[in-house]
Structures are given as C-alpha cells and as structure tokens.
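Peer 1: Got a sequence here, can you model it:
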Amino acid sequence: MIEFKRFLPEHLNGAAPRNDVGASAILASSQEYLDNLAGCSVAISAFKDEVFLGCAGIGLLWPGVAEAWMLLTPEIDGLTTHERGIVGLRIARGIRRTVKEYRLHRLQTAVLRGDDRARNYIKWLGFEYEGDMVCYGPDGSTYMRYSKLWLS
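Peer 2: Down below sits the predicted model:
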C-alpha cells in the first residue's frame, strides 16, 4: 500500500537518490537544502510498506509563482503500473490544490538535460518546455526549464 506523509528531511536518512535526478542527488546530502525543502508550502513523501520511495513539493517564490521539485529513490522503479498511477494522481491533485490555494499563475520546474523519464513525466503533468538553463546545476550541468501557466 502506498502511504503519503508530510516530507521531513529524515525521510532521506539512508536513502540513495536515483542517479538520474541530477542536482537533487548532489543536494540531498546538504542539510540546509533539505531543511529548505521541508519548509516548502507543500511537501510530501511517499512510502510503500515503510520503504521511502521519494518526495515532492512546491515552494512559493513570490505571489503567484512557485517552483516544483521532486527527489526519487531507485525503489520507485519497483512499483506496479497501478501504484505509479496512484503516486502520479496524488501529485497532480496536489498541484491543482496548491494552484487554487495560493492563486498561482505560474508553476515552474527544472529537469536535468537527458533525463527523459523526468521530462516525459513533467510533460504528462501539463508542463511546457521554455528553454535550456546552461550551467544551472550545482555541478555545472544543463537543465531544461518547464512551466505550467494559469492565465486569466
């Protein structure tokens, strides 16, 4: 059974991020970064049978604009298609609820160039590609900026 909890940095204790998540894998060892994620307006962790699968959240940048983030572990790959659907729908609902609650007109995220799985997922959620951010990652890697807009 998939269970969701409010994200806490200690959820990552002993968890190894997937090696294809770019900056998140580097920053997951930074307590300051993890504390910032825990302080986000919306931040959840997913577990299956008490095993940490990953976490995701949305942090407000300023009124109307927020940044979405996600950090996954290799254990996420062991989920069935149905279980992945449960996680995906929970994230999609969380986005809709956050957009409404905080009156967002822009939600943005960054995807490591070459991470096709993350790119496909973010497109499934309705985000659109805006351009490359060269040397954006903490290791100088290139990221792709995606956004989802709600214009009135």
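
Peer 1: any idea how far Lys148 is from Gly131?
Peer 2: Separation of Gly131 from Lys148 (CB to CB, to the nearest Å): 15 Å. In short, each C-beta sits where N, CA and C put it, glycine included.

Peer 1: So for these two, which residue has more residues nearby?
Peer 2: Lys148 (18 against 8; other CB atoms under 10 Å).

Peer 1: From what I see, the more buried one and Phe127 are in contact.
Peer 2: Yes: taking CB atoms under 8 Å as the definition, Lys148 is a contact partner of Phe127 at 4.8 Å.

Peer 1: Give me the common contacts of those two.
Peer 2: Here Lys148 and Phe127 share the contacting residues Leu107, scored by CB atoms under 8 Å, 6 or more residues apart in numbering.

Peer 1: Next, the residue nearest the centre of the chain: phi, psi?
Peer 2: Nearest residue to the geometric centre of the chain (CA atoms, centre = their mean): Met70, 1.9 Å. Here is the backbone geometry of Met70 (degrees, to the nearest 10): phi -150, psi 140.
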